[in-house]
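**Student:** Give the three-dimensional model of this entry:
(chains A, B, C and D)
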2 protein chains.
Amino acid sequence: MSPRKPAQDELTKEAIIHVARELFVTSGYPSFSMRKLAKELRCSHGAIYYHFKNKAELFYGIVTQDFLTLDQVLEEVLSTPTNSNEEKLYLILYEYIRFGLTHQPQYEVMFLIKDEEIKGYLLEAPNKSYLHFANAIASLASKPLSPKEIWSLFIGIHGFVTHYCRTETTFEDVKPLAKSHVEFLLKALQ
Amino acid sequence: MSPRKPAQDELTKEAIIHVARELFVTSGYPSFSMRKLAKELRCSHGAIYYHFKNKAELFYGIVTQDFLTLDQVLEEVLSTPTNSNEEKLYLILYEYIRFGLTHQPQYEVMFLIKDEEIKGYLLEAPNKSYLHFANAIASLASKPLSPKEIWSLFIGIHGFVTHYCRTETTFEDVKPLAKSHVEFLLKALQ
DNA sequence: TATTTAATTGACCAGTGTTCAATTAATGAG
DNA sequence: CTCATTAATTGAACACTGGTCAATTAAATA
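**Tutor:** Numbers count the residues shown, from 1 in each chain, chains lettered A, B, ... in the order given. Reported below is the predicted structural model:
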């Protein structure tokens, strides 16, 4: 109808990301569309493009928050004083799986999606996230680990999350399996 | 122009699959479309739907061949008499990675894609393929392995393939890494 | 030869991401 | 207070996507 809404109804990047995240987390990436988002925001789909260059930039806006959350997960394990280094090593891997499976749509965008446009926006974020992980692992191991060993640990965990993301299984449903898988991977360090 | 082509030019399921496979393997799943395929086949896109109910059924037609190929890879390793069981165990995992990375678009459809329609057609194929893998592993191990251990091996390998599929890395480029990753996973068995 | 059947076409539908001229509210200058 | 400028929004339009289906025509059958 009328271009330019009254000031109180004006869109903001934050409001868009907020609703987009909600939509995307509840109904998944494939069903997400700019037009559905616009409907949810009660604006035209064109308006979103004033605030975000394209869909990929919008998703980048969403998952940057999740990269921070993942960093926090690691940090919290590291800073818990009640556990031994061995327990922390276990927990890092276990909590990584928990994060992946309790944030499946986000994990998909963060580490799985092949969309070139989105990968163009991500670029360093997954690398940075991995370095965080690798440093945590290295600092907790009882003996020096080679980069390859740490990488294999990551890939092993990543495979677990990937598989149960695809089958849309909840973390609760695979808790025992997650435990045994982590124990399996850690056995390879001895 | 004219409906119904002369007999010599008629489409067949086989011809469609052949060209579809070519198109899909060279330019990947996201860029694949029924209309591009029709153009390649020099027919209208509607004609394809006479032979295949939908895109998912067509892709099922493509990757069933690849499930067979994967079975053959395992079978060949098992039936090579020159290697010890330990070497065969290594080779099963190594060759699985080779298959995944030399058939990236297919691996994606076989084990990675979330598309509900395609998963509906696949159903048992990935399970059957895994059982093949699991039996091979079990038969080669020097001591009895638990189902969980075999599953962790698979997930560990799957993670490797998944990651390098996403980054579209060739098998050649990660051969040494594949070797060390397999060795890492096998260490967890002792 | 006439009739039925099988295969193909292309218009059409509903959906996607993206662009952009037109429009209008808010803002700042005189 | 008025008027030009700027910022935000709309919705039509474009080029795609997967999928459906009546109309058409070649092939097969009676």
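
**Student:** Just the element for residue A:29, please.
**Tutor:** If you go by DSSP states H and E, residue A:29 is part of helix A:13-31.

**Student:** who touches the lengthiest helix in chain A?
**Tutor:** If you go by DSSP state H, chain A has its longest helix at helix A:55-78. The list of residues contacting helix A:55-78 from outside it, by C-beta atoms under 8 Å, 6 or more residues apart in numbering or on different chains, reads A:13, A:16-17, A:20-21, A:24, A:34, A:48, A:52, A:83, A:88, A:91-92, A:95-96, A:98-99, A:103, A:106-107, A:109-110, A:115, A:117-118, A:120-122, A:125, A:128-129, A:132-133, A:136, A:139-140. (Glycine included, C-beta is placed from N, CA and C.)

**Student:** Apply 7 Å and report the result again.
**Tutor:** A:13, A:17, A:20-21, A:24, A:34, A:52, A:88, A:91-92, A:95, A:99, A:103, A:106, A:109-110, A:115, A:117-118, A:120-122, A:125, A:129, A:132-133, A:136 (C-beta atoms under 7 Å, 6 or more residues apart in numbering or on different chains).

**Student:** related to what we said a few turns ago, can I get the helix holding residue A:29 as CSV, trimmed to CA atoms?
**Tutor:** What follows is helix A:13-31 as a C-alpha-only set of coordinates in CSV (Å, rounded to 0.1, in the frame of the first residue of the first chain):
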residue,chain,number,x,y,z
LYS,A,13,18.7,-5.4,11.1
GLU,A,14,18.3,-6.8,14.6
ALA,A,15,14.5,-7.3,14.2
ILE,A,16,14.9,-9.0,10.9
ILE,A,17,17.6,-11.4,12.2
HIS,A,18,15.5,-12.1,15.3
VAL,A,19,12.5,-13.2,13.3
ALA,A,20,14.6,-14.9,10.6
ARG,A,21,16.4,-16.9,13.2
GLU,A,22,13.1,-18.0,14.8
LEU,A,23,11.6,-19.0,11.5
PHE,A,24,14.8,-20.8,10.3
VAL,A,25,15.3,-22.6,13.6
THR,A,26,11.7,-23.9,13.8
SER,A,27,11.1,-24.8,10.2
GLY,A,28,14.6,-25.5,8.9
TYR,A,29,16.7,-24.1,6.1
PRO,A,30,15.0,-25.6,3.1
SER,A,31,11.6,-24.3,4.0
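
**Student:** in the helix or strand where residue A:49 lies, what counts as buried?
**Tutor:** Assigned by DSSP H and E, residue A:49 belongs to helix A:45-51. By 16 or more other C-beta atoms under 10 Å in any protein chain shown, the buried positions in helix A:45-51 come out as A:48, A:51.

**Student:** same for the helix holding residue A:29, what does it pack against?
**Tutor:** helix A:34-41, helix A:45-51, helix A:55-78, helix A:104-107 (3 or more C-beta pairs under 7 Å, 6 or more residues apart in numbering or on different chains; DSSP states H and E).

**Student:** mind checking which of those is nearest residue A:173?
**Tutor:** Nearest of the helices and strands packed on helix A:13-31 to residue A:173, taken as C-beta to C-beta: helix A:104-107 at 12.4 Å.

**Student:** and that closest one, anywhere near DNA strand C?
**Tutor:** No: Helix A:104-107 does not reach DNA strand C (C-beta under 7 Å from any atom of the strand); its nearest approach is 14.1 Å.

**Student:** any residue of that helix up close to chain B?
**Tutor:** No: using C-beta under 7 Å from any C-beta of the partner chain, helix A:104-107 stays clear of chain B, with a minimum separation of 9.9 Å.

**Student:** Just the C-alphas of that helix, formatted as PDB.
**Tutor:** The C-alpha trace of helix A:104-107 is given here as PDB (Å, rounded to 0.1, in the frame of the first residue of the first chain):
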ATOM      1  CA  GLN A 104      21.000 -28.400  13.900                       C
ATOM      2  CA  PRO A 105      19.800 -25.800  11.500                       C
ATOM      3  CA  GLN A 106      22.600 -23.500  12.600                       C
ATOM      4  CA  TYR A 107      25.200 -26.200  12.500                       C
END
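
**Student:** Which positions within the longest helix of chain A qualify as buried?
**Tutor:** Buried residues in helix A:55-78, counting neighbours by 16+ other C-beta under 10 Å, are found at A:55-56, A:58-63, A:66-67, A:70, A:73-74, A:77-78.

**Student:** does any part of it sit near DNA strand C?
**Tutor:** Yes: interface with DNA strand C: helix A:55-78 contributes A:55, A:56 (C-beta under 7 Å from any atom of the strand).

**Student:** Tell me the first helix or strand C-terminal of that helix.
**Tutor:** helix A:85-102.

**Student:** Residues in contact with that following helix: which ones?
**Tutor:** Contacts of helix A:85-102 (C-beta under 7 Å, 6+ apart): A:70, A:73-74, A:77-78, A:83, A:107, A:136-137, A:140-142, A:153, A:157, A:160-161, A:164-165, A:170-171, A:178-179, A:182, A:185-186.

**Student:** how far is it from where the chain is centred?
**Tutor:** 14 Å (C-alpha atoms, centre = their mean, to the nearest Å).

**Student:** Also compute the angle for that helix relative to helix A:55-78, please.
**Tutor:** Put simply, helix A:85-102 runs at 150 degrees to helix A:55-78, going by axes from the mean of the first three to the mean of the last three C-alpha atoms, to 10 degrees.

**Student:** Near DNA strand D, which residues of chain A? Just list them.
**Tutor:** Residues of chain A lying close to DNA strand D by C-beta under 7 Å from any atom of the strand are A:1-5, A:9-11, A:43-47, A:49-51.

**Student:** give the contact list for residue A:129.
**Tutor:** Residues near residue A:129 by C-beta under 7 Å, 6+ apart: A:67, A:70, A:71.

**Student:** Please, which helix or strand holds it?
**Tutor:** With DSSP H and E as the test, residue A:129 turns up in helix A:124-140.
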